[in-house]
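Enquirer: sequence first, then the predicted structure:
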Amino acid sequence: MKNLRFFEKVMFFFNSVAAFLLLLSYILPLLPPKTFSSFSVLSLGVPILIVINTLFVLYWLVKIKKQVILSLLMLAIGYFSLGSLYKFSESKSEISQNAISVMNYNVRLFNLYDWISEKGVETKIEQFIKREAPDVLLMQEYHPHKNVDLSFFKYKFEELSGNKTKYGQAIFSQYPIINSGSVEFPNTSNNAIYADIVKEKDTIRLYNIHLQSLRIDPNLDKLTEDDAQKLFKGVGNTFKTQQLQAELFLLHKNKSPYKTIVGTDLNNTAFSYAYKRVKGDLIDNFNAAGNGFGRTYDFKFFPIRIDFILTDPEFTINSFKTYDVLYSDHYPIMSRVSLPR
């Protein structure tokens, strides 16, 4: 510090704060939000903190100062413990004949209330799904829209609520569904549904999970100070609700005798407690075979990934793709996995 000029000392102070916050955000997914709900909100800012610390690394590299070690160390810890924020290459393996393609998509009621001003969005979603032709389709915020025909899937299971407008989660499959049901979450319309499908001699348990929404307006620049305070408190409470919902899902999943595929709108990032609990020892298919930021939600300020496909380690992940089609506030994702033999 003695060899630093005044401005550099100021920069290092802010650098230290950013590094500490990033380190804290690495620890928070290990701590139940019920205990640290206010601090848990920090996990949403991990992508921003990574970018800020990367900029500090570049700054100290240009200055050729040893202070570069601080943020460089924090970034290294995050890389080896949480993985990379951005994937530079897409991994693919040979697709076998026993592969199955799984699409996860929050369709936002097929734009029933015209959130997107474009006409015929529901038809475009239907055409997109038909074109990509997944073997299995897991949909959150599903609504049996009169203009949407998904009867090309041979089997389906849906769990709907609501009075005037029915909505909920749905599983569509080209393979027979021999068992299905719902994991109910208290005091909310969110839930998890499941279906057991049979492909050849294999029975696979599919889960479709929709955790409690954070209700964050993508246009954060329009928030007043009072709105921001309410948002901060509300997000903390939502984190606690998500913890309960994740635990209820795990209680059900742990009783399943079958190999598992999970599709979810987690309403939280890969740096959260909810993600860590739901994922468990499952494989995040984006980490295994995706590329880029893997953005799945239309957030204005930075790419955010809150939708996931997770599979048992026994599956071989052949490919993963995030589609750049904005027919909802979410982007669809699809993975192709090979069944274990």
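Expert: Nice, thanks for sending it over.
Enquirer: show me the helices in the stretch 151-300 of the chain, by range?
Expert: Assigned by DSSP state H, counting those that start in this stretch, the stretch 151-300 of the chain shows helices spanning 225-253, 273-279, 285-289.
Enquirer: tell me where the stretch 101-250 of the chain has strands.
Expert: With DSSP state E, counting those that start in this stretch as the criterion, the stretch 101-250 of the chain has strands at 136-142, 155-161, 167-173, 177-184, 191-199, 202-210.
Enquirer: most packed of those?
Expert: strand 136-142 (a mean of 27; mean count of other C-beta atoms under 10 Å). To be clear about C-beta, it is placed using only N, CA and C from the backbone, and glycine gets the same treatment.
Enquirer: which residues touch it?
Expert: 100-109, 129, 150, 153, 158, 160, 167-175, 197, 206, 208, 210, 261, 263-265, 328, 330 (C-beta atoms under 8 Å, 6 or more residues apart in numbering).
Enquirer: can you check stretch 25-43 too?
Expert: 21, 24, 45-46, 49, 77-78, 81-82, 232, 235-237, 239-240, 242-243, 268-269, 271-273, 275-276.
Enquirer: residue 187: how many residues sit nearby?
Expert: 8 (other C-beta atoms under 10 Å).
Enquirer: before we move on, the earlier item: using CSV, lay out the helices of the stretch 151-300 of the chain together with mean pLDDT, distance to residue 142 and mean neighbour count.
Expert: Output for these, formatted as CSV (pLDDT from 0 to 100; distance: least, C-beta to C-beta, whole Å; neighbours: other C-beta atoms under 10 Å):
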stretch, mean pLDDT, distance to residue 142, mean neighbour count
helix 225-253, 82, 18, 17
helix 273-279, 96, 20, 22
helix 285-289, 95, 21, 23
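Enquirer: now render those as TSV, adding distance to residue 2.
Expert: Shown next, in TSV, are those (distance: least, C-beta to C-beta, whole Å):
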stretch	distance to residue 2
helix 225-253	39
helix 273-279	41
helix 285-289	43
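Enquirer: which one of those lies closest to residue 301?
Expert: helix 225-253 (14.0 Å; C-beta to C-beta).
Enquirer: average pLDDT for stretch 169-176, rounded please.
Expert: Mean per-residue pLDDT for stretch 169-176: 98.
Enquirer: quick one: residues in contact with that stretch.
Expert: Taking C-beta under 8 Å, 6+ apart as the rule, stretch 169-176 contacts 100, 135-140, 142, 150, 153-159, 177, 180, 191-195, 197-199, 206, 208, 210.
Enquirer: recalculate using a threshold of 6 Å.
Expert: Applying C-beta atoms under 6 Å, 6 or more residues apart in numbering, the contact partners of stretch 169-176 are 135-140, 142, 150, 153-159, 193, 195, 197-199, 206, 208, 210.
Enquirer: go on, stretch 248-255?
Expert: Taking C-beta under 6 Å, 6+ apart as the rule, stretch 248-255 contacts 183, 192, 209.
Enquirer: same thing but 8 Å
Expert: Residues contacting stretch 248-255 (C-beta under 8 Å, 6+ apart): 183, 184, 185, 192, 194, 205, 207, 209, 260, 277, 278, 280.
Enquirer: any idea how far residue 299 is from residue 264?
Expert: 17 Å (C-beta to C-beta, to the nearest Å).
Enquirer: so between the two, which is more surrounded?
Expert: residue 264 (27 against 17).
Enquirer: okay, and the beta partners of the nearest residue in space to the more buried one that is not next to it in sequence?
Expert: Sequence neighbours aside, residue 209 is the residue nearest to residue 264 in space, at 3.9 Å (criterion: C-beta to C-beta, 6 or more residues apart in numbering). With DSSP bridges as the criterion, residue 209 is bridged to residue 192, residue 264.
Enquirer: if I look at residue 209, how far off is residue 253?
Expert: Distance from residue 209 to residue 253, by C-beta to C-beta: 10 Å.
Enquirer: spit out the residues that contact the two alike.
Expert: Common neighbours of residue 209 and residue 253 (C-beta under 8 Å, 6+ apart) do not exist.
Enquirer: and the nearest residue to residue 68 once chain neighbours are set aside, how many residues sit next to it?
Expert: Using C-beta to C-beta, 6+ apart and skipping residues adjacent in sequence, the residue nearest residue 68 is residue 60, 3.6 Å away. Neighbour count of residue 60, defined by other C-beta under 10 Å: 21.
Enquirer: distance of residue 60 relative to residue 12?
Expert: 8 Å.
Enquirer: my guess is residue 183 contacts residue 194. True?
Expert: Yes. Assessed by C-beta atoms under 8 Å, residue 183 is found in contact with residue 194 at 7.0 Å.
Enquirer: and residue 23, that's in a strand?
Expert: No. Per DSSP: H, G, I helix; E, B strand; the rest coil, residue 23 lies outside any strand segment and is helix.
Enquirer: what about it, how many neighbours?
Expert: Residue 23 has 15 nearby residues by other C-beta under 10 Å.
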